[in-house]
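Trainee: Need a 3D model of the sequence below.
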Amino acid sequence: MRPIGVNTWVWTSPLRDAQAREVLDRVAALGFDAVELPLEQPGDLTVAATRAALEETGLRAYVVGAMAPGRDLVEADASTVAATQDYLRACIDLAHGIGAPAVCGPFYAATGRVWRMSPAQRESAYAQWRDNLAPVVEHAAAADVRIGIEPLNRYETSLVNTVDQALEGLSGLLGTHLGLALDTYHLGIEERDSADAIRRAGEHLVHVQVCGNDRGAPGGDQTDWVALLRALDEVGYAGPLDIESFTADNDTIATAASIWRPLAPTQDALAADGLAFLRSLTGGDDL
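Mentor: Now for the predicted structure:
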């Protein structure tokens, strides 16, 4: 059975040491195998406290980063780039310290930052991206942690919306410690065929996030989940399916993710319903 996880953004933001044990207990009690831990600011989660919570709950950990305003590797001044690199190194260090194999996110520009580019300007932006990401990849290699770059939809970035753009932008840098992290929500907006996009990512696929096309629980929505799972099997992806959704009760995260209404009767129900649906798929029924 493919492991199923959930991002703690379903319940709270930011996640800090003081809340981590309670939230991870909830995740484990619901029956998940894994948990996505967002590190919004360095120091929010410490290795010692997080490792202890993971050991007590038995959950597998994955780390995700948040590209808040001012975190940019493209078309930014040197101090901004350096601070962004330091933040990404902090994410990698947390992952290494807690035994998480991957750190994933849209590691190129602040989420919500959009601008028009000519083909030449895009080529230049991608070159900057590779140059500024390369030292972070070196840090990941030293820590034996994989980085997964996540394409976002057109409303959240103008730089990397599709798998093809990510492959183009990272050409020459992709490898053992750098690949792609795909989110079914963004695939559903930007790709003509989500399953084919997974196939194009192929061996470079590091991590997969899932949710319904409305950002709620996967299942009972417009997504062709059987086709997605088949594509994942075809490319040999053995990692988790992690539910990424968000609470509408936190002003910052609700605005960042455009969550303007509840997506389920309760956040626990969102997680539990999504888990039950994914279990029905990954258990091998009707695939």
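
Trainee: Could you count how many residues lie near Q128?
Mentor: By other C-beta atoms under 10 Å, 18 other residues sit near Q128. Yep, even glycine has a C-beta here, placed from its N, CA and C like the rest.

Trainee: same deal with G172?
Mentor: Residue neighbour count, defined by other C-beta under 10 Å, stands at 7 for G172.

Trainee: That one contacts R130, correct?
Mentor: Yes. With contacts counted by C-beta atoms under 8 Å, G172 reaches R130, the gap being 6.8 Å.

Trainee: Could you check how far the residue lying farthest from the centre of the chain is from T252?
Mentor: Farthest-out residue of the chain from its mean C-alpha position, per C-alpha atoms, centre = their mean: A120, at 28.8 Å. In this view, A120 and T252 are 36 Å apart by C-beta to C-beta, to the nearest Å.

Trainee: what sits up against the longest helix seen in the chain?
Mentor: Ranked by number of residues, the top helix in the chain under DSSP state H is helix 119-143. Contacts to helix 119-143, defined as C-beta atoms under 8 Å, 6 or more residues apart in numbering, come from residues 73-75, 81, 84-85, 88-89, 92-93, 95-96, 103, 107-108, 117, 146-147, 159, 168-173, 175-178.

Trainee: Please repeat the previous calculation with a cut-off of 6 Å.
Mentor: Helix 119-143 is contacted from outside by 73-74, 81, 85, 88-89, 92, 96, 108, 147, 169, 173, 177-178, using C-beta atoms under 6 Å, 6 or more residues apart in numbering.

Trainee: Among the residues you listed, name the ones in strands.
Mentor: 147, 178 (DSSP state E).

Trainee: which among the contacts of helix 119-143 end up buried?
Mentor: 73-74, 81, 85, 88-89, 92, 96, 108, 147, 169, 173, 177-178 (16 or more other C-beta atoms under 10 Å).

Trainee: In a markdown table: the residues you listed, plus distance to P262 and pLDDT.
Mentor: Below are those laid out as a markdown table (distance: C-beta to C-beta, whole Å; pLDDT from 0 to 100):
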| residue | distance to P262 | pLDDT |
| --- | --- | --- |
| L73 | 35 | 98 |
| V74 | 35 | 98 |
| V81 | 38 | 98 |
| Q85 | 37 | 98 |
| L88 | 33 | 98 |
| R89 | 36 | 98 |
| I92 | 34 | 98 |
| H96 | 36 | 98 |
| Y108 | 31 | 98 |
| I147 | 33 | 98 |
| G169 | 36 | 98 |
| L173 | 40 | 97 |
| H177 | 39 | 98 |
| L178 | 37 | 98 |
